[in-house]
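K.L.:
Kindly return the folded structure for what I paste below:
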Amino acid sequence: MIEDRILVWRFNRGEPAALCRIYEKYRDALLKVAAALLCDRSSIEDVLHDVFVDFAQTTGRFRLRGSLKAYLSICVANRARDRNRAQRRRSDVRIDEVDALPTYGGGPEHTAMRRELADKLAAALAEVPEEQREILVLHLQGNLAFREIAAFREISINTAMSRYRYALEKIRSALDGELEP
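P.N.:
Below you'll find the predicted structure:
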């Protein structure tokens, strides 16, 4: 948190290295958030790029209130939601029709098992309503606390926790009997 405040201070002074460090520090976590929320997998890096272009334009006037990671994760979630809406309007693509990200590691059997599991999880996640899926992803992939999500979404902490719980219940229900113990 202290490093983030120093980085923001340096960023506001116009130091390009500060923006670069912020990007490097949070890139992987933000890509995970985008990947979990986007219908169009080709837009993952575009969303991250757009968020950082917008962020860079706030040089000199950005004020950090809370966690920088939380702020950037919410920005990615907002941009992903906007892209999903635009994509649905353009081509009527459903999230459950989009392939999950490939998984790597281990031998061919291990890769096949991981891919099958990833497909089942992606299908189950696709069944979760968008507002619940967003809370789930921000909490699990973005590592945001419920109070941070609630503050940025302007909802109560109880609402955020309920949406998270409902999302988990829907995923469990969708996977019931699908996965071996």
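K.L.:
Provide the backbone phi and psi angles at the spatially most central residue of the chain.
P.N.:
The centroid of the chain falls nearest to Val33 when counting by CA atoms, centre = their mean (1.7 Å). Main-chain dihedrals, Val33, degrees, to the nearest 10: phi -60, psi -50.
K.L.:
wait, doesn't it sit right on Leu136?
P.N.:
No. Between Val33 and Leu136 there is no contact under CB atoms under 8 Å: 10.9 Å. From N, CA and C alone the C-beta is placed, and that goes for glycine too.
K.L.:
just to revisit the earlier point, what distance do you get for the residue nearest to the centre of the chain to Ile2?
P.N.:
23 Å (CB to CB, to the nearest Å).
K.L.:
okay, now Arg115: neighbour count?
P.N.:
When counting by other CB atoms under 10 Å, one arrives at 16 neighbours for Arg115.
K.L.:
Check which helix or strand it maps to.
P.N.:
Secondary structure from DSSP states H and E places Arg115 in helix 108-126.
K.L.:
which residues touch the closest residue in space to Glu127 that isn't next to it in sequence?
P.N.:
For Glu127, ignoring the flanking residues on the chain, the nearest one in space by CB to CB, 6 or more residues apart in numbering is Ala174 at 5.2 Å. Contact partners of Ala174, counting by CB atoms under 8 Å, 6 or more residues apart in numbering, are Ala123, Ala124, Glu127.
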